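Q: Sequence below, structure please.
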Amino acid sequence: MKILVPIKRVVDYNVKVRPLSDNSNVDLNNVKMAVNPFCEIALEEAVRLKESGKATEVIAVSVGQTDSQEQLRTALALGADRATLVETDSLLEPLAIAKVLQKIIEDEKPDLIILGKQAIDGDNNQTGQMLGALLDYPQATNASEVSINESSISVTREIDGGLQTLELTIPSIVTTDLRLNEPRYASLPNIMKAKKKELNVIPAADLGIDLGSRTELLSVELPPSREAGIMVETVDDLVDKLKNEAKVIQ
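A: Predicted coordinates:
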């Protein structure tokens with residue numbers, strides 16, 4: 001079984017992001033970048049399936065600028081066998097990324113595509129679903145458990161009030177939730193080995209896809225500062241303020 005794992009380069013989750021002075025975008029100057037945490041979970045699951053003998057090859061794919069090679073090397077150090085970067089200087093929307101992945105999947109023909117349910121920068125939670133629609137593949141979102149059977153994939157996902165188990169035919173798409181696993185750290189020997197692993201770069205323009213934006217970014221701003229809290233003397237005072245000032249009760 002061949003598994004393909006799309007990953008995304010994002011600002012490290014420990015970094016507090018700031019907008020540029022003109023509010024045109026997020027300030028990425030001298031900011032630490034990392035693999036999107038949900039993508040790390042997807043990669044970890046793919047590597048575990050390979051280690052258990054259920055998969056034979058794990059391919060990492062990213063769509064972005066040349067700097068994304070750094071995150072692909074990280075993916076190779078974490079257990080991916082080879083990697084592909086579809087290079088573009090444009091910030092692509094989920095639909096454009098899904099179209100790029102569709103082309104890569106048509107060439108690679110993986111049995112399973114595992115990707116994070118969302119990226120922590122845009123929080124769109126759209127790429128996996130759009131990819132499933134473009135390919136007409138069965139899909140399971142927000143997976144908390146994945147198991148491989150002889151000719152199908154069983155996926156457990158958390159829903160309101162319990163768990164839902166889906167049986168997917170191969171090939172299929174799975175998007176990962178936080179509780180699926182805990183990603184490993186790359187060891188120094190594996191980081192060194194990753195430098196010798198195959199990493200292909202494909203210009204996005206060579207794919208012949210319409211990557212034009214359907215939306216326009218108008219402004220990036222910090223949320224308004226929260227007002228300081230106040231202390232109340234009695235429950236009656238609290239109810240009065242909730243009703244007349246905050247207007248959250250009637």
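Q: rest of the way, CA atoms for contacts and neighbours
A: OK.
Q: can you give me the strands for the protein?
A: Under the criterion DSSP state E, the chain contains strands at 2-7, 9-11, 33-35, 57-64, 82-87, 112-116, 139-148, 152-159, 162-169, 172-176, 199-203.
Q: among these, which is nearest L95?
A: strand 57-64 (12.3 Å; CA to CA).
Q: And the average pLDDT for that closest one is what?
A: Across strand 57-64, the average pLDDT comes to 96.
Q: Mind giving me the packing neighbours of that strand?
A: Where contact means 3 or more CA pairs under 8 Å, 6 or more residues apart in numbering; DSSP states H and E, strand 57-64 is packed against strand 2-7, helix 37-51, helix 69-77, strand 82-87.
Q: who's in contact with it?
A: 1-9, 43, 46-47, 50, 68, 72, 75-76, 79-91, 97, 100 (CA atoms under 8 Å, 6 or more residues apart in numbering).
Q: swap the cut-off to 7 Å and go again
A: 1-8, 46-47, 50, 72, 75, 80-89, 97 (CA atoms under 7 Å, 6 or more residues apart in numbering).
Q: Pull the number of nearby residues for A77.
A: A77 sits with 22 neighbouring residues when counted by other CA atoms under 10 Å.
Q: That one: what's it in contact with?
A: So A77 contacts 186, 190-191, 194 (CA under 7 Å, 6+ apart).
Q: one step back: deepest of the helices and strands packed on strand 57-64, which one?
A: The highest mean neighbour count among these, using mean count of other CA atoms under 10 Å, belongs to strand 2-7: a mean of 25.
Q: Using CSV, write down the CA coordinates of it.
A: What follows is strand 2-7, C-alpha atoms only, in CSV (Å, rounded to 0.1, in the frame of the first residue of the first chain):
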residue,chain,number,x,y,z
LYS,A,2,1.3,3.5,-0.9
ILE,A,3,0.3,6.4,1.3
LEU,A,4,0.5,10.0,0.3
VAL,A,5,0.7,12.7,3.0
PRO,A,6,0.2,16.4,2.1
ILE,A,7,2.0,18.8,4.6
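Q: Report all helices and strands that that strand contacts.
A: If you count contacts as 3 or more CA pairs under 7 Å, 6 or more residues apart in numbering; DSSP states H and E, strand 2-7 packs onto helix 37-51, strand 57-64, strand 112-116.
Q: What's opposite the residue nearest the centre of the chain in the beta bridge?
A: For the chain, the residue nearest the mean C-alpha position is G116 (3.6 Å; CA atoms, centre = their mean). Note on G116: beta-bridge partners by DSSP bridges are T176.
Q: Who are the contact partners of it?
A: With contacts defined as CA under 7 Å, 6+ apart, G116 is in contact with 38-39, 41-42, 175-176.
Q: circling back to that earlier point, and of the helices and strands packed on strand 57-64, who's closest to D236?
A: Closest to D236 of those, according to CA to CA: helix 37-51, at 45.1 Å.
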